[in-house]
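Student: need coordinates for the below:
(one chain, ligands or ions: 2)
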Amino acid sequence: MRVQVTVLGCWGLATIGETSSFLVESKEANILLDMCPGVTRQLKQIGFATTELDFMYGSHIHADHLLGTTYLIFQRSVEQRTADAKQVRPIKLLGSASVIHVVQESMRLYYPERKFELPVEVINDGHAEIMWQDRVRLTFAQSNHTAECYSIRIDLLESGRSIVYTADGLFTDHTLELCHNADLLIGEAFGTVPDYESTYQTIKHSLGTHLGVLASRAGVRRVLPFHMHPRYDTEMTKKHELLAEIRENFNGEIIWPRDLMAITV
Ligand SMILES: [Zn+2]
Ligand SMILES: [Zn+2]
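Tutor: Ligands and ions are numbered 1, 2, ... in the order given. Next up, the predicted model:
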């Protein structure tokens, strides 16, 4: 089985598509990176059974990344009833204590009459690596965002592939370390310097230039920008300006995302 990343959502606002969510499928594990509001429907669009997920990763509490989690857990519990028991994987939620708190509280508030079995693993700076079945190494690094937020690196040890998802925030030296020689970097590129120069440090989002520098310094193979304002897709000149800003520093392949696009890593 090839390593495949499917874009379930990639925009900074849900104007033209879903917000942040990516599905990583491999022989080692199936991992969901953030749960955008429409994540369950997106998974169904590509015919993916929620019972086949091994990990759900919540990078931070902002709703564009986490709102879909509660309903996804519900849908999975329903799909589980009719699925072949041998096919059902024991899912685990990974995230900071704040992410896990929000998900557990929302499950309790939305479904007070039910109990869901949801194993969790808390990510924090003192617990920045998870080794799973000697096949997958997950490493985390905190970004500089308005909410506690972690970037994640997935090393698939049998497939020999590595994927980094920065999530939101200004990149740090730890982000750079995390990205070292990655095969695919899914990195924030909120917009261009001319458009956000005066605000990006306050709203704490990375721009095209930051992504280009990060990708180049870390020596990554391919870059998939995400979390753009939708106008960078609907206005052709804006899109080219942003791509040019990334290219100023990075000369590898840049993949412009689209909902439900699948990429072989
Ligand atoms: Zn955010
Ligand atoms: Zn966001």
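Student: helices and strands of the protein: which one has the lowest mean pLDDT?
Tutor: When the helices and strands of the chain are scored by mean pLDDT, DSSP states H and E, strand 129-132 comes last with a mean of 92.
Student: ranges for the strands of this protein?
Tutor: Here the chain has its strands, by DSSP state E, at 4-9, 21-25, 30-33, 55-58, 92-95, 120-122, 129-132, 136-142, 150-156, 161-165, 184-188, 222-226, 253-254, 262-264.
Student: which residues are in contact with the least confident helix or strand of the chain?
Tutor: Contact with strand 129-132 is made by A29, D54, L94, E121, R137, L138, T139, F140, as judged by C-beta atoms under 8 Å, 6 or more residues apart in numbering. Every C-beta, even on glycine, is put in place using the N, C-alpha and C of the backbone.
Student: mean neighbour count added to the strands of the chain, as JSON lines?
Tutor: Listed next are the strands of the chain as JSON lines, based on neighbours: other C-beta atoms under 10 Å:
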{"stretch": "strand 4-9", "mean neighbour count": "23"}
{"stretch": "strand 21-25", "mean neighbour count": "23"}
{"stretch": "strand 30-33", "mean neighbour count": "24"}
{"stretch": "strand 55-58", "mean neighbour count": "25"}
{"stretch": "strand 92-95", "mean neighbour count": "22"}
{"stretch": "strand 120-122", "mean neighbour count": "16"}
{"stretch": "strand 129-132", "mean neighbour count": "14"}
{"stretch": "strand 136-142", "mean neighbour count": "20"}
{"stretch": "strand 150-156", "mean neighbour count": "24"}
{"stretch": "strand 161-165", "mean neighbour count": "25"}
{"stretch": "strand 184-188", "mean neighbour count": "28"}
{"stretch": "strand 222-226", "mean neighbour count": "24"}
{"stretch": "strand 253-254", "mean neighbour count": "15"}
{"stretch": "strand 262-264", "mean neighbour count": "13"}
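Student: of those strands, which is nearest D84?
Tutor: strand 30-33 (16.1 Å; C-beta to C-beta).
Student: touching, T50 and Q42? I think so.
Tutor: No - at 11.3 Å, T50 does not count as touching Q42 under the criterion of C-beta atoms under 8 Å.
Student: before we move on, the earlier item: dump the strands of the chain to a markdown table, plus distance to ligand 1.
Tutor: Output for the strands of the chain, formatted as a markdown table (distance: least, C-beta to the ion, whole Å):
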| stretch | distance to ligand 1 |
| --- | --- |
| strand 4-9 | 14 |
| strand 21-25 | 13 |
| strand 30-33 | 14 |
| strand 55-58 | 11 |
| strand 92-95 | 13 |
| strand 120-122 | 19 |
| strand 129-132 | 22 |
| strand 136-142 | 13 |
| strand 150-156 | 12 |
| strand 161-165 | 13 |
| strand 184-188 | 9 |
| strand 222-226 | 12 |
| strand 253-254 | 23 |
| strand 262-264 | 23 |
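Student: including distance to T15, could those go into JSON lines?
Tutor: JSON lines is the format used below for these (distance: least, C-beta to C-beta, whole Å):
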{"stretch": "strand 4-9", "distance to T15": "12"}
{"stretch": "strand 21-25", "distance to T15": "16"}
{"stretch": "strand 30-33", "distance to T15": "21"}
{"stretch": "strand 55-58", "distance to T15": "23"}
{"stretch": "strand 92-95", "distance to T15": "26"}
{"stretch": "strand 120-122", "distance to T15": "32"}
{"stretch": "strand 129-132", "distance to T15": "35"}
{"stretch": "strand 136-142", "distance to T15": "29"}
{"stretch": "strand 150-156", "distance to T15": "25"}
{"stretch": "strand 161-165", "distance to T15": "22"}
{"stretch": "strand 184-188", "distance to T15": "17"}
{"stretch": "strand 222-226", "distance to T15": "15"}
{"stretch": "strand 253-254", "distance to T15": "22"}
{"stretch": "strand 262-264", "distance to T15": "23"}
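Student: looking at those, which is nearest to ligand 2?
Tutor: strand 184-188 (8.1 Å; C-beta to the ion).
Student: does any part of the closest one sit near ligand 2?
Tutor: No - using C-beta under 5 Å from the ion, strand 184-188 stays clear of ligand 2, coming no nearer than 8.1 Å.
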